[in-house]
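Trainee: build me a structure from this.
(chains A and B)
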Amino acid sequence: MNTMTPPTSTPAPASPKHPTSTRFTRALGVASLVGIGWLVAFGLFLSPNDRVHKTGVRILYIHVPSAWLAYLAFGVTGIASGLYLWKRTRSLMWDRLAGASAEVGVLFMGITLVSGSLWGRISWGTYWTWDARLTTTAFLFVTYIGYLAVRDLGGTHQQRARRSAVMALLAVLEVPLVHYSVKWWRPLHQNETVEEGKLSGLMLFSLFVGIISFTLLYVWLVMHRQRVLALNDQVDDRGLDVALAARREES
Amino acid sequence: MSTWRIARLIAAKDLRVEWRSRVLINQVLPFATLVMVMFAFALDNNDRVLTRVAPGLVWLATMFSLLVVVQRTFAVETADGALDALQVAGVRPGGVFLGKALALAAQLAALELVLMGAAVVLYRTEFQAGGVVLLVTTYLAATTGLAFVGTLYGGLAAGAKGRETLLPLLMLPVVAPVLIGATRATEAALGTEGATPSDGWPWIGLLTLFAALFGVGGTMAFGSLIDE
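Mentor: Predicted structure coming up:
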């Protein structure tokens, strides 16, 4: 694999008809749509009720896949940021991948928190507990909202890339600290997290469908967002050239 | 020039600026004390409740004040582009980071002493002889950690538009472990709700780890963050 990507990879010019899509992303989009259709069929109709949680168990088919995806997305952001900071693989492509993945990660983490607190209300009778996993998740959410704010601080593309890459790595440092401090703070609440392995075959399959279709959706969204971010960068670069040319013509 | 010498010079400069302008004494200290009084209003002036939650309130007031002090310490640098000038002059960013953190730690340490005094007066907090070593260690470890994080994120937000609103969003989630750790350790040192000093030492481990991680991370990353 060629690791020496040119510093500014210019994507194919986008036409108004198909702004950021290619044949591959269209196929991916259709696949994730079909996957979500399957998830609706299995999650809402085909899978049985749970003995304890009754129909409330269906929240898990959204909750678990979105939690998994948020962690995957933030993992991708961390790795891409590391790749940007490492001199031999430095390319703005990694920076845009990190940004796109963080955006989608924040979206899925929001879904995780909302669906999780609904699940909590049904199964534990409360929207929120100060469990280590929950609290860390909430902190992750806020931290990556902050990360996205740092991406918008301005400056050149390279400044943005370096600053946000450092921020992403600091977030990797922060998360275990928050997790363990909350864990020691409230050790008694640990047993309230959902225990896996109590689900029937069809329920597990529905969960599996959810994870696959959400992963496809994630890849699809990130590819599009990354291309949009690349176009944004292009507009910034060209905008300056156009303004310079206009000023030269004036004089 | 060695990194330590740069750090000492920067710290001395910051403290001199503070000594001449007296922003900490005239504005931040009254603000922090006011926060402590407001906590009492919010908690209905119930002495038993106030004594119970005093350690947490002291550290929470410290963090609010930290936001203000960090804004101030970088406003001094950005007002006439001093941070850029330092970089152009080839001053090592690691040294600038350590120096700013040192000055910030000194200011925070003074502030925390006043807040603990306020807790004794306003919340009827009582110190125990057995917990003094733990209390002093907590004070040092937490202050160091807060100073490193404050300098790191303050430097990042320094040149940015809207830094006043960005800084709390970035910094408060990061300092949450310090709030938890320092509060628990202080409770153990004061014997709040029957806690003993031995309960507090594991938290010192967390606070020290936190300070070490952000100290090393900040020294390495500061150059990338303030690059404008």
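Trainee: how close does the residue nearest the centre of chain B sit to B:W4?
Mentor: With the centre of chain B defined as its mean C-alpha position, the nearest residue by Cα atoms, centre = their mean is B:L146, 4.1 Å away. Counting by Cβ to Cβ, to the nearest Å, the gap from B:L146 to B:W4 is 21 Å. In this view, the C-beta of every residue, glycine as well, is placed from N, C-alpha and C.
Trainee: with B:W19 instead?
Mentor: 22 Å.
Trainee: again with A:Y84
Mentor: Counting by Cβ to Cβ, the gap from A:Y84 to B:W4 is 31 Å.
Trainee: can you count the residues close to A:G82?
Mentor: For A:G82, the count of nearby residues is 16 (other Cβ atoms under 10 Å in any protein chain shown).
Trainee: what sits against it?
Mentor: By Cβ atoms under 8 Å, 6 or more residues apart in numbering or on different chains, A:G82 lies in contact with A:A165, A:L169.
Trainee: any idea how far it lies from chain B?
Mentor: Separation of A:G82 from chain B (Cβ to the nearest Cβ, to the nearest Å): 13 Å.
Trainee: now swap in A:G146 and tell me
Mentor: Noted for A:G146: a distance of 5 Å to chain B, by Cβ to the nearest Cβ.
Trainee: run through the neighbouring helices and strands of whichever strand or helix holds that residue.
Mentor: Assessed by DSSP states H and E, A:G146 sits inside helix A:132-151. Counting contacts by 3 or more Cβ pairs under 8 Å, 6 or more residues apart in numbering or on different chains; DSSP states H and E, helix A:132-151 is packed against helix A:60-85, helix A:92-123, helix A:157-185, helix B:163-190.
Trainee: name the residues of the longest one that come out as buried.
Mentor: Neighbour-count burial for helix A:92-123, counted by 16 or more other Cβ atoms under 10 Å in any protein chain shown, picks out A:92-109, A:111-113, A:115-117, A:119-120, A:123.
Trainee: and that helix, anywhere near chain B?
Mentor: No: against chain B, helix A:92-123 shows no contacts by Cβ under 8 Å from any Cβ of the partner chain, the least distance being 12.8 Å.
Trainee: what residues does chain A have near chain B?
Mentor: Going by Cβ under 8 Å from any Cβ, the residues of chain A near chain B are A:139, A:142-143, A:145-146, A:149-150, A:153-155, A:159, A:162-163, A:165-167, A:169-170, A:173-174, A:177-178, A:180-182, A:184-185.
Trainee: contacts for the helix or strand bottoming out on mean pLDDT in chain B, please.
Mentor: In chain B, no helix or strand scores lower on mean pLDDT, DSSP states H and E than helix B:82-88, which sits at a mean of 85. Contact with helix B:82-88 is made by B:F74, B:V76, B:E77, B:P93, B:V96, B:G155, B:A158, B:G159, B:I226, B:D227, B:E228, as judged by Cβ under 8 Å, 6+ apart.
Trainee: please point out which parts of stretch A:142-158 sit buried.
Mentor: A:V142, A:T143, A:Y144, A:I145, A:G146, A:Y147, A:A149, A:V150, A:R151, A:L153, A:H157.
Trainee: revised request: answer the last question for stretch B:101-118.
Mentor: Counting neighbours by 16+ other Cβ under 10 Å, stretch B:101-118 gives B:101-108, B:110-112, B:114-116, B:118 as buried.
Trainee: helices - which of those residues land there?
Mentor: Using DSSP state H, the subset of the buried residues of stretch B:101-118 located in helices is B:101-108, B:110-112, B:114-116, B:118.
Trainee: nearest to chain B: which residue in chain A?
Mentor: Chain B sits closest to A:S181 of chain A, with a gap of 3.9 Å, by Cβ to the nearest Cβ.
Trainee: that residue: what's it in contact with?
Mentor: By Cβ under 8 Å, 6+ apart, the contact list for A:S181 reads B:A176, B:P177, B:I180, B:G181, B:L206.
Trainee: from B:V136, how far off is it?
Mentor: Noted for A:S181: a distance of 21 Å to B:V136, by Cβ to Cβ.
Trainee: also B:Q71?
Mentor: On the measure of Cβ to Cβ, B:Q71 and B:V136 end up 28 Å apart.
Trainee: counting neighbours, go ahead and name the busier of those two.
Mentor: Set B:Q71 next to B:V136 and count neighbours by other Cβ under 10 Å: B:Q71 wins out with 18 against 11.
Trainee: who touches the more buried one in this structure?
Mentor: By Cβ under 8 Å, 6+ apart, the contact set of B:Q71 is B:G154, B:R163, B:E164, B:L167.
Trainee: for chain A, name the helix or strand with the lowest mean pLDDT.
Mentor: helix A:157-185 (a mean of 85).
Trainee: that one to helix B:163-190, inter-axis angle?
Mentor: Relative orientation of helix A:157-185 versus helix B:163-190 (axes from the mean of the first three to the mean of the last three Cα atoms, to 10 degrees): 20 degrees.
Trainee: got the buried residues for helix A:157-185?
Mentor: A:157, A:159-172, A:174-175, A:177-185.
Trainee: if we can go back for a sec, between all of the contacts of helix B:82-88, which two are at the greatest distance?
Mentor: Farthest pair in the contacts of helix B:82-88 (Cβ to Cβ) is B:V76 and B:D227. Separation: 19.1 Å.
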